[in-house]
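Asks: Sequence first, predicted coordinates after that:
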Amino acid sequence: MSKTSPTQRSLAYAKKQGFIAAVVEKWNPHMRIRQDLFGFADLIVLDGKPGSALWQVTTGANVSKRLTKMTDTTEEKAVRIYDKVIAWLKAGNRIEIHGWAKKGPRGKRKTWQLRIIKIRSSEFYGALFIDTPEFEGSNRELEQSSSQHQAL
């Protein structure tokens, strides 16, 4: 039985939603690592809204690490990623983090659940804010609340 990667799960999710999506991370054979577009994006998605969306896809346990990677400004490499995040958002585009985890009631069959965190920028000072469906319309700076989407 082959395992489905989080990227493949999000591609299937995008297709189910009627979106057009493509993988933008690449394999670097010389360094033997996967490299994300702009240092943070795995998929580019056309979802029918103005602009484009970049999705960072990961396991549920690594969502906070991916959020930190995009919002950290303490190291030179982190600042370069943060600047790219701000530039992407200021251009009228969107960013989402997709975290996949198996969840369910104790003693019952576990199903794949999707946690989506939406990142947007403030018009003032380039601050980043996190929007989730539970807090739609609110501005909770770097809030990490989740919404659950039934697995594919």
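Replies: Here it is on my side, so go on.
Asks: okay, which residue is most central for the protein?
Replies: Ile97 (1.7 Å; C-alpha atoms, centre = their mean).
Asks: Lys118 versus that residue, what's the distance?
Replies: As for Ile97, its distance to Lys118 is 8 Å (criterion: C-beta to C-beta, to the nearest Å). All C-beta spots, glycine's among them, are computed from the backbone N, C-alpha and C.
Asks: Identify each buried residue in stretch 70-86, please.
Replies: 70-71, 78, 81-82, 84-86 (16 or more other C-beta atoms under 10 Å).
Asks: Repeat that for stretch 9-21.
Replies: For stretch 9-21, burial by neighbour count (16+ other C-beta under 10 Å) applies to 9-11, 13-14, 19, 21.
Asks: I'd guessed the residue nearest to the centre of the chain sits against Ile119; true?
Replies: Yes: counting by C-beta atoms under 8 Å, Ile119 is a contact partner of Ile97 at 7.1 Å.
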